[in-house]
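Peer 1: can't give you the sequence, but here's the structure:
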Ligand SMILES: NC(=O)c1ccc[n+]([C@@H]2O[C@H](COP(=O)([O-])OP(=O)(O)OC[C@H]3O[C@@H](n4cnc5c(N)ncnc54)[C@H](O)[C@@H]3O)[C@@H](O)[C@H]2O)c1
């Protein structure tokens, strides 16, 4: 088996305590990378790191809230002190708040945008200087969502946040290309993770409780005409091509889910609008 181009490097993953982030950790550790596992739930980040150490790998965990730039700066110092660099950064944290547009509160919007958009921006800002100092292959993976390719009802704040990080990630890719730092946008479809539960837990108390109605989830699924058998998978399945895609510096990483028809309709609608714009 050929050695991974990331072997011996360091991977930093936010949201590493659960789901997609924890699975990313497993993949990077299996490729011989040192791991810095970050999560607002420090105990779950520690569990993830312990699993890596049990298998003979190098991993450190730290409790970090991506809403806090100082905590992210401390994490970047830890990566530098402990491992001497950062070759792969996964800005992976995202929280979900379902709700019809008229029910989403100012606090709901504030929280989702602060974590899903500003959290990604803060994470990259904290680690980019260290990534620049690191030799070898360097990559940044930004977790968006299939919701940014195939929007549905009752999750406007989440969908808007994932469109925003997609735009940020696309720009970052262009701006870092000359330096040889690859940037990929990851579009997971539905995954069997703790997303809803951990989102509720991570929401700051001062913003009030997070409302979760089953009817919103059902309406969202129906509006996207999803084939749930292909659209929902384990996080382990979703990361199966991650390292190969990052090594190839793929612009987009669609982890799973079959929604070619919805994508075709979406692209066709934009192209038709473009072509109408050419008419006199
Ligand atoms: N689960 C899905 O169906 C799905 C679908 C598409 C995209 N995604 C995206 O995938 C990413 C990972 O989600 P997941 O499904 O693995 O969820 P998860 O809840 O299993 O894992 C997310 C982790 O992020 C942590 N977290 C939450 N707020 C944080 C904060 N402020 N600072 C630091 N850590 C914080 C949680 O404690 C949790 O451990 C998210 O960006 C999510 O939006 C998930």
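Peer 2: The structure has been received and is ready for your questions. Small disclaimer: the values here were computed from a predicted structure and weren't measured. Numbering: from 1, shown residues only.
Peer 1: near the ligand, which residues of the protein show up?
Peer 2: Residues of the chain found near the ligand (C-beta under 6 Å from any ligand atom) are 14-15, 17-21, 39-41, 44, 64-67, 92-95, 115, 119, 143, 145-146, 188, 190-191, 193-195, 198, 202, 235. Where C-beta positions appear, they are placed from N, C-alpha and C, glycine not excepted.
Peer 1: just the ones of those in strands?
Peer 2: Those of the residues of the chain next to the ligand mapping onto strands are 14, 39, 143, 190-191, per DSSP state E.
Peer 1: dump those into TSV; add pLDDT as well.
Peer 2: Below are these laid out as TSV (pLDDT from 0 to 100):
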residue	pLDDT
14	98
39	98
143	98
190	94
191	96
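Peer 1: which of these lies closest to residue 127?
Peer 2: Set against residue 127, the nearest of these by C-beta to C-beta is residue 14 (9.7 Å).
Peer 1: now the closest one: how far from residue 54?
Peer 2: Using C-beta to C-beta, to the nearest Å, one gets 22 Å for the distance from residue 14 to residue 54.
Peer 1: which of these two has more neighbours?
Peer 2: Using other C-beta atoms under 10 Å as the criterion, residue 14 and residue 54 rank with residue 14 on top: 30 against 9.
Peer 1: hang on, that one packs against residue 92?
Peer 2: Yes - look at residue 14 against residue 92 with C-beta atoms under 8 Å: they come within range, at 5.3 Å.
Peer 1: compute the number of surrounding residues for the residue nearest to residue 58 when sequence neighbours are not counted.
Peer 2: Nearest non-adjacent residue to residue 58, counting by C-beta to C-beta, 6 or more residues apart in numbering: residue 34, 4.3 Å away. Around residue 34 there are 23 other residues, counting by other C-beta under 10 Å.
Peer 1: show me the contacts for residue 34.
Peer 2: 8-11, 57-59, 82-83 (C-beta atoms under 8 Å, 6 or more residues apart in numbering).
Peer 1: mind checking which of those residues are in helices?
Peer 2: 82-83 (DSSP state H).
Peer 1: make a PyMOL selection of the buried ones in the contacts of residue 34.
Peer 2: One line in PyMOL is enough to select the buried ones among the contacts of residue 34; burial here means 16 or more other C-beta atoms under 10 Å:
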select buried, resi 9+10+11+57+58+59+83
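Peer 1: columns distance to residue 226 on top of the contacts of residue 34, output as TSV?
Peer 2: What follows is the contacts of residue 34, written out as TSV (distance: C-beta to C-beta, whole Å):
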residue	distance to residue 226
8	40
9	36
10	37
11	31
57	36
58	39
59	35
82	42
83	40
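Peer 1: residue 138: which of the contacts of residue 34 is nearest?
Peer 2: Closest to residue 138, out of all of those and judged by C-beta to C-beta, is residue 9, at 8.2 Å.
Peer 1: hmm, residue 52 is touching residue 59, no?
Peer 2: Yes - contact criterion C-beta under 8 Å: residue 52 and residue 59 qualify, at 3.7 Å.
Peer 1: shared neighbours, the two?
Peer 2: Between them, residue 52 and residue 59 share the contacting residues 25, 29, 35, 37, judged by C-beta under 8 Å, 6+ apart.
Peer 1: which ones among those residues lie within strands?
Peer 2: 35, 37.
Peer 1: most widely separated two among the shared contacts of residue 52 and residue 59?
Peer 2: Largest pairwise distance in the shared contacts of residue 52 and residue 59, by C-beta to C-beta, is 9.7 Å, between 29 and 37.
Peer 1: who has more neighbours out of the two?
Peer 2: Ranked by neighbour count (other C-beta under 10 Å), residue 29 and residue 37 place residue 37 first, with 31 against 23.
Peer 1: let me see the contact set for the residue nearest to that one when sequence neighbours are not counted.
Peer 2: The shortest distance from residue 37 to any non-neighbouring residue, by C-beta to C-beta, 6+ apart, is to residue 16 (3.6 Å). Going by C-beta under 8 Å, 6+ apart, residue 16 touches 22, 24-25, 35, 37-39, 45, 48-49, 61, 92.
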